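# Fold the following for me, if possible:
(3 chains)
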Amino acid sequence: MGWFLRTFNYSIGKKLLMAITGLFLILFLCIHLFGNTFLYFGRDAFNNYVHILNETDLVYIIRVIEIILVIGFALHIWDGLRLWLQNRKARPNKYYIKAVDPQSTWTSRNMIYSALIIFVFLVIHLRNFWYEFKYGSIKETGATDYDIVVKTFQEPIYMIFYLISMVFLFLHLHHGFQSAFQTLGLNHKKYTPFIVWLGRTIAFILAAGFASFPIYFFFFYGGN
Amino acid sequence: MALESKIPSGPIQEKWTNHKFNLKLVSPANKRKFEIIVVGTGLAGASAAASLAELGYNVTVLTFHDSPRRAHSIAAQGGINAAKNYPNDGDSIYRLFYDTLKGGDYRAREANVYRLAEVSNNIIDQCVAQGVPFAREYGGLLDNRSFGGAQLSRTFYARGQTGQQLLLGAYSALSRQVGLGKIKLYTRREMLGLVVIDGMARGVVARNLITGELERYSGHAVVLATGGYSRVFYLSTNAMNCNATAIWRAHKKGAFFGNPCFTQIHPTCLPLHHDQQSKLTLMSESLRNDGRVWVPKQKGDKRPPNQIPESERDYYLERIYPAYGNLTPRDIASRAAKRMCDEGYGVGETGQAVYLDFSDAIQRLGRKVIEERYGNLFQMYEMITGDNPYEVPMKIYPAPHYTMGGLWVDYNLMSTIPGLYVIGEANFSDHGANRLGASALMQGLADGYFILPYTIGDYLASQKFIPVKTDHEEFVKEENAQRDLIKRLKSINGKRTVDDIHRELGRIMWNYVGMSRNAEGLQKAIQMIREIREEFWRNVKIPGNDMDLNQTLERAGRLADFLELGELMAIDALHRNESCGGHFREEYQTEDGEAKRDDENYAYVAAWEFKDVGDWVLHKEPLVFEYVKPSTRSYK
Amino acid sequence: MSSKKLNLTLKVWRQAGPDAKGEFKTYYAKNISTDASFLEMLDIVNEELEAKGEEPIVYEHDCREGICGTCGMVINGRPHGPLQGITTCQLHMRHFKDGDVIYIEPFRAKAFPVIKDLVVDRSAFDKIIQAGGFISVNTGSAPEANSIPVKRENAELAMDAAACIGCGACVAACPNASAMLFVSAKVSQFALLPQGLPEREIRVQKMVAKMDELGFGNCSNIGACEAECPKEIKITNIARLNREFYRARFLSNVED
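The predicted model follows:
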């Protein structure tokens, strides 16, 4: 087992951890987006979906997945911070003139910043939804999970913050998805263009998909 | 002192084999008691250091570069010859031997050249095993191409970067031994002095180029693999830091200098195109396969080449050498270009260039074919000159790029100082008066991988060594001498820069000791070199501190040596009253301007003994040709 | 192409030693031919400094043909200057305009400490090679060269990777100062050839461990290295390096 853990002390091992957790989190986002589409089918549909997840026998599996998810997030964040700090240390004296080569993307060079915004978003997001669903005082007034979502999305500041965050989610995944494949060693002249396209498409679908909810509930939702 | 070439007796095919058997061996347990110092990490130095360490010797390696991988062998483009006969076109060791000896215009030792051809095949095996990515056929086997001076395909290549790949192979072998602790590698160290104790080479004094400190290294034998001295011409295809200092300092300690005037001028180089140019760039000789060389028929014609009609062009190589045309050998093509320019037909801003025109080939074969054949070269040309050779003819001019001369060594590669071995371009041995293409890589690796490791053991096994440490008085003396020299250089504090004086030396060497020479010019050159040498010691200016990284000081030390070597080159060229290979004396030519060799009087190696600056004694090693009878080369 | 003359302002990083504080100093390059190379332009500036008795700008260079890998500086923020696929010595002044201000800095990375002015210590690359960048074959023990056929495509890919000149521009360009492109080029060359296979697992592990130890950053698949590599070595080699590493870690008996 020692050899296994030591693998992740090598720079490539650290990157492997980033890639695996990253892809896992993208998978989670896909499922999350799928679940959220119940919002478009009205209060009952969504509440029923939340009910199935939390109050049937499925709950045991969900708890386990939640734990894995928390570990996934934690590893991704911890590993990312570790890499970022090491990378900073690898160049103690910065260049005075900053110029950019014509090939590399802005998104790839600024993963830490998109990550930071996504992290802030994650904290607020958990506070607004996960915490409110479970422990929120609003529940005592008889509001359902659906009502919480609608109410939150109708706050202009939150709505704008949410949209901005989705832009950064797109940017993060724009590089992240293909980067994970490169880290896994999967770079092939026949398939890589497709992976790049797929990654950017998934990034767009996820970001746009999530962004559609606050837009819908803020601009187009007429109540019930 | 008589020169002993130590060529073994017996038939040429058996000389090396018998010699190897007769050499004394050092037992494995004793090998680790010996310390060998290798200076230089090019093909010869790196391969020797690695092979010696593999045998069990302790090796100390010095290089002035920041990494062993930077040595100038890396810039060799074309390929490496070997007598594998893979193409089934009739090659053999004997034929490679014959071609090389003839290519050298019969001024090399038969036994050495035969041995070179003999081990050529082992080199290819070794390099392939090291992971050198030679070009291959679709069937997975090694590809060959043809090269100048041979009528068959025996050249192995790795794109246009054969030297790089072979050097990286030797560098990786060396690095492996560094990792194993058998080689102690000292980078950024420039050898300045040789330490001779009881008549034997026992160490070197080197300058740490970062701190400026002088350091002492002791050993049982010293191997110099420090390359050639084309930079004496200032402008050459050699790297900027190539220099003669190590061999010259050894020469001044008693190692004879062999055939210093044998230098090769390569015909297809980019011409000088502005007055502050620092070096010249070689373009592969293969371009002459499809390019036609010409100058305007009218002197000083300044029209752009495309406006000069066909009838007003002189395709002079095709005119003078109809049989070989544009594919005449290097020395002949070089001299013809110089003659045209000297007579006022040269083109370009400086008038020191001729056209190499591809328009006929492009018309005949189409642009695509030319692109496939020479695309990377055309690109390189455009990058440097800004001209597009698909539309405008290339401008080319000959440039110094290899020195066949070097320290004299015997069959064992040992110089006239016992325990001092000289390998690769630094020695004089295998190329005679002219080197064939793709032979330099072969010689460097032959010396390092397959010859020196055998012969050095014989020396080590047969000597009684007194223990020598670096506090020995000779080390102290040598270090002090080098320190004094540096102080002296620093204290001149004159008005002229090092490069300014180097350029002046270069002009003298190029004009009088270059592609064609005559007695009057050589005598003049000797006088001029003496004057510029005096000027250097009176008027050079070296800013900065000597106990620091000081590149001006490094260059000044090297120039001081070139200023002495230049004179010896002129003296050697003056004494050799014949024309052979790269050495062309205008007084000794046939009626139609070809080189006239004098086998009766000059079939010998000129080995010069240093007495004092400006004072050398000539020793002759006669060359005996038992197998190949010297004949006249004709290309008409 | 006719040559013109340029007058330029240079802001050059001067640093007396590894621990000294560096700063930009201003120099004027006058009357520079557009045919001159960038390094020749610096030569001219240096010769003027020498004539005045001032210490010239210290920079490294050797072959001036783009193959030895000695030269390397950051010109206006780009390793080896504004063009792609060339070394500093291959950059010519015709790519600059009269009156340009040019900033020149050394390569900057923890693993490449500055020695003086624009000269950095790249011996870390040698140490990586010494750790495993070789095939262990003693002189004389090699089999007949044609006894092992090599697929032509692999030989070509190996050559693409082997073209690395070890200049360090990849490290200089990488925002993380990672040496992955350099390491991957050597690992790939040997992984693609049958001669390199017996040691493939131990080699990759040792080289990566050494790379990590020497203080290079981690690869984050940005691709700046590929963009600035004068030999245009591809990051597909880094993917291969990753595969080789996983193979060594997960599929072989090699221990660390």
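# quick one, what contacts B:M547?
B:T211, B:G212, B:E213 (Cβ atoms under 8 Å, 6 or more residues apart in numbering or on different chains). In this view, the C-beta of every residue, glycine as well, is placed from N, C-alpha and C.
# what about the second one, how many residues close to it?
Pointing back at B:G212 there. 16 (other Cβ atoms under 10 Å in any protein chain shown).
# same deal with the last one?
Using other Cβ under 10 Å, the number of residues around B:E213 comes to 14.
# Can you check the pLDDT for it?
Here, the pLDDT recorded for B:E213 equals 98.
# any idea which helix or strand carries B:P467?
Using DSSP states H and E, B:P467 is not contained in any helix or strand.
# actually B:A158, not the one I typed
Here B:A158 is assigned to no helix or strand, by DSSP H and E.
# Please apply the same query to B:N112.
Using DSSP H and E, B:N112 falls within helix B:110-129.
# for the contacts of B:M547, which one is nearest chain A?
Distance to chain A, by Cβ to the nearest Cβ, is smallest for B:T211 among the contacts of B:M547, at 22.4 Å.
# Quick check: the closest residue in space to the closest one that isn't next to it in sequence vs chain C, distance?
Distance criterion Cβ to Cβ, 6 or more residues apart in numbering or on different chains; nearest residue to B:T211, sequence neighbours excluded, is B:M547 at 6.7 Å. Distance, B:M547 to chain C, by Cβ to the nearest Cβ, to the nearest Å: 11 Å.
# In a strand, B:M547, correct?
No: going by DSSP: H, G, I helix; E, B strand; the rest coil, the assignment for B:M547 is coil, not a strand.
# which strands and helices sit next to the helix holding B:N112?
Secondary-structure packing of helix B:110-129 (3 or more Cβ pairs under 8 Å, 6 or more residues apart in numbering or on different chains; DSSP states H and E): helix B:12-22, strand B:80-81, helix B:93-103, helix B:162-180, helix B:440-445.
# let's go with 10 Å and repeat that
Under the contact criterion of 3 or more Cβ pairs under 10 Å, 6 or more residues apart in numbering or on different chains; DSSP states H and E, helix B:110-129 touches helix B:12-22, helix B:43-55, strand B:80-81, helix B:93-103, strand B:153-156, helix B:162-180, helix B:440-445.
# who's in contact with the shortest one?
Contacting residues not belonging to strand B:80-81 are listed as B:43, B:91, B:96, B:99-100, B:116-117, B:120, B:123-124, B:127, B:132, B:134, B:144, B:147, B:149-150, B:154-158, B:162-163, B:165-166, B:436-445 [Cβ atoms under 10 Å, 6 or more residues apart in numbering or on different chains].
# Now do the helix or strand that the helix holding B:N112 is followed by: distance to the chain's middle.
Counting by DSSP H and E, the next helix or strand C-terminal to helix B:110-129 is strand B:145-146. Taking Cα atoms, centre = their mean, to the nearest Å, one finds the center of strand B:145-146 at 22 Å from the center of the full chain.
# cool, stretch B:480-499 as well?
With Cα atoms, centre = their mean, you get 28 Å for stretch B:480-499.
# Next, the buried residues of that stretch.
Buried positions in stretch B:480-499, judged by neighbour count with 16 or more other Cβ atoms under 10 Å in any protein chain shown: B:Q482, B:R483, B:I486, B:L489, B:K490, B:I492, B:R496, B:T497, B:V498, B:D499.
# which one of these is nearest B:V617?
B:Q482 (25.3 Å; Cβ to Cβ).
# My read is that B:G444 contacts B:A170, right?
Yes: B:G444 sits in contact with B:A170 when judged by Cβ atoms under 10 Å, with a separation of 8.7 Å.
# Overlap in contacts, the two.
Residues touching both B:G444 and B:A170 (Cβ under 10 Å, 6+ apart) are B:G42, B:L43, B:A44, B:G45, B:A46, B:S47, B:A48, B:A71, B:S73.
# Also within reach of chain C: list those from the residues you listed.
Contacts with chain C are made by B:S47, B:A48, B:A71, B:S73 out of those, judged by Cβ under 10 Å from any Cβ of the partner chain.
# Type out the PyMOL command that picks the buried ones from these.
Those of those that count as buried under 16+ other Cβ under 10 Å are selected in PyMOL with:
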select buried, chain B and resi 47+48+71+73
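# Same list, the helices and strands packed on helix B:110-129, but as a markdown table with distance to B:N243 and mean pLDDT please.
Shown next, in a markdown table, are the helices and strands packed on helix B:110-129 (distance: least, Cβ to Cβ, whole Å; pLDDT from 0 to 100):
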| stretch | distance to B:N243 | mean pLDDT |
| --- | --- | --- |
| helix B:12-22 | 32 | 97 |
| helix B:43-55 | 14 | 98 |
| strand B:80-81 | 25 | 94 |
| helix B:93-103 | 27 | 94 |
| strand B:153-156 | 29 | 91 |
| helix B:162-180 | 18 | 97 |
| helix B:440-445 | 17 | 97 |
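# So for A:F121, which of the ones you listed sits nearest?
The nearest among those, by Cβ to Cβ, is helix B:162-180 at 49.1 Å.
# Output the lowest mean pLDDT helix or strand found in chain A.
Using mean pLDDT, DSSP states H and E, helix A:132-135 stands out as the lowest-scoring helix or strand of chain A, at a mean of 84.
# In PDB, list the C-alpha atoms belonging to that helix.
C-alpha atoms of helix A:132-135 as PDB (Å, rounded to 0.1, in the frame of the first residue of the first chain):
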ATOM      1  CA  GLU A 132     -31.400  25.400   3.800                       C
ATOM      2  CA  PHE A 133     -32.900  22.100   2.600                       C
ATOM      3  CA  LYS A 134     -31.600  20.400   5.600                       C
ATOM      4  CA  TYR A 135     -31.600  22.800   8.500                       C
END
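# Can you name the residue of the stretch 1-150 of chain B nearest to chain C?
The stretch 1-150 of chain B approaches chain C most closely through B:G140 (2.9 Å), counting by Cβ to the nearest Cβ.
# residue at max distance from the center of the chain?
No chain was given, so I picked chain A. In terms of distance from the mean C-alpha position of chain A, A:Y96 ranks first, at 34.2 Å (Cα atoms, centre = their mean).
# sorry, should have said chain C
C:S147 (34.5 Å).
# Quick check, that one in contact with B:D125.
Yes: if you go by Cβ under 10 Å, C:S147 and B:D125 touch, sitting 8.8 Å apart.
# hang on, the earlier thing: contact partners for the residue of the stretch 1-150 of chain B closest to chain C?
B:G140 touches C:N146, C:I148, C:P149, C:V150, C:K151, C:R152, C:E153, C:N154, C:A155, C:P194, counting by Cβ under 10 Å, 6+ apart.
# before we move on, what about B:P296?
Listed by Cβ under 10 Å, 6+ apart, the contact partners of B:P296 are B:302-303, B:305, B:308, B:312-314, B:340, B:345-347, B:354-355.
# Out of those residues, who's the most crowded?
B:V354 (30 neighbours).
# Would you list the phi and psi of that residue?
phi -130, psi 160 (degrees, to the nearest 10).
# likewise A:G185?
The phi/psi pair for A:G185 (degrees, to the nearest 10) is phi 90, psi 10.
# Contact partners for the residue nearest to it when sequence neighbours are not counted?
Using Cβ to Cβ, 6+ apart and skipping the chain neighbours, the partner closest in space to A:G185 is C:R243 (3.4 Å). By Cβ under 10 Å, 6+ apart, C:R243 lies in contact with A:L184, A:G185, A:L186, A:N187, C:V187, C:S188, C:A191, C:V204.
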